[in-house]
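Trainee: the sequence and its predicted three-dimensional model are supplied below.
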Amino acid sequence: MKYIDMNEFQDCKIPKLTVKNIVGNFKTVTRHRNLVRKYCFKMGLYWQGLTHDLSKYSPSEFWISARYYQGNRSPHAALREQFGFSPGWLHHKGRNKHHYEYWLDFKKNTPGNISPCKMPDRYIAEMVADRIAACRIYEGDKYTLSSPLAYYNKAPEANLLHPYTREKLEMFLHMIEEKGEDYTCNYIRHNFLHKK
């Protein structure tokens, strides 16, 4: 596993690595993983709950995220603003199947030659858990059952999702808003993942 060398960006002003940011990033990642685990367990996804986002502790992701840690949003957003991309995110999305970006491939005669692949149901379910947890962590007391859907609606990702993946994700985000997290997790566990 290659570590992202920030010396490659010598001309850019890179934030110093501080103990406060290291601890803050560690706590945020761990709180996020604990929440995702809670939702995955409710869905019956025990292994995915236990292994969710372990790559965030790897040197390639952890140290760059700690440098750009802010506590109220993903460090990758700040990296994209400064460099136009996030090295940590590129590492992360290539190793975590609950991100739709993992399921993008190339195909001629498609818009931009990028073809979204259908995500397996268990990763769609984990993606739902991930989105709830991320919104809860970053929004704190401002979180509502509408937050995951509102976050999704702000992002221009619908074109990059396979139609099946988009349909299921949107259905679950609306379900969270209308019927709550417990109902949605129960539905995913008993009706979506274990359909006959």
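Mentor: Yep, it's here. Residues are numbered from 1 along each chain as shown.

Trainee: helix or strand with the lowest mean pLDDT in this structure?
Mentor: strand 114-116 (a mean of 88; mean pLDDT, DSSP states H and E).

Trainee: and that one, which strands flank it?
Mentor: Using DSSP bridges, the strands paired with strand 114-116 are strand 104-106 (antiparallel).

Trainee: which residues touch the strand it pairs with?
Mentor: In this structure, residues lying in contact with strand 104-106 by Cβ atoms under 8 Å, 6 or more residues apart in numbering are 113, 114, 115, 116, 117, 160. For every residue, glycine as well, the C-beta is placed using N, CA and C.

Trainee: cool, and stretch 52-68?
Mentor: Residues contacting stretch 52-68 (Cβ under 8 Å, 6+ apart): 1-4, 6, 14-17, 21-22, 24-26, 29, 32-33, 36-37, 40, 75-76, 78-79, 86-88, 91-92, 95-96, 98, 126, 129-130.

Trainee: circling back: what are the buried residues along the least confident helix or strand of the chain?
Mentor: Neighbour counts over strand 114-116 (16 or more other Cβ atoms under 10 Å) mark 115, 116 as buried.

Trainee: how much space separates residue 30 from residue 39?
Mentor: Taking Cβ to Cβ, to the nearest Å as the measure, residue 30 falls 15 Å from residue 39.

Trainee: what do you get for residue 47?
Mentor: 14 Å.

Trainee: low-scoring stretches of the protein, by residue?
Mentor: 1-12, 110-111, 196 (pLDDT under 70).

Trainee: switch to 50 and redo it
Mentor: Where the chain drops to pLDDT under 50, the residues are 1, 196.

Trainee: outside of the longest helix along it itself, list whatever touches it.
Mentor: Of all segments of type helix in the chain, defined using DSSP state H, the longest is helix 19-43. Helix 19-43 has contacts (Cβ under 8 Å, 6+ apart) with 15, 46, 48-50, 52-54, 56-57, 62, 65-67, 69, 71, 75, 125-126, 128-130, 132-134, 136-137, 181-182, 185-186, 188-189, 193.

Trainee: could you list the buried residues of stretch 42-56?
Mentor: In stretch 42-56, counting by 16+ other Cβ under 10 Å, buried: 42, 43, 44, 45, 48, 49, 52, 53, 55, 56.

Trainee: ok, so of those, who is nearest residue 147?
Mentor: residue 42 (17.9 Å; Cβ to Cβ).

Trainee: any idea how far the longest helix of the chain is from the middle of the chain?
Mentor: Offset of helix 19-43 from its chain centre (Cα atoms, centre = their mean, to the nearest Å): 12 Å.

Trainee: could you shift the numbering so residue one becomes 8, and keep it that way?
Mentor: Understood, numbering begins at 8; the last thing we discussed is helix 26-50.

Trainee: any buried residues in it, and which?
Mentor: For helix 26-50, by 16+ other Cβ under 10 Å, it's 28-29, 31-33, 35-36, 39-40, 42-44, 46-50.

Trainee: what does the least confident helix or strand of the chain contact?
Mentor: 107, 110, 111, 112, 113, 114, 167, 168, 169, 172.

Trainee: could you count how many residues lie near the fifth one?
Mentor: Around residue 113 there are 9 other residues, counting by other Cβ atoms under 10 Å.
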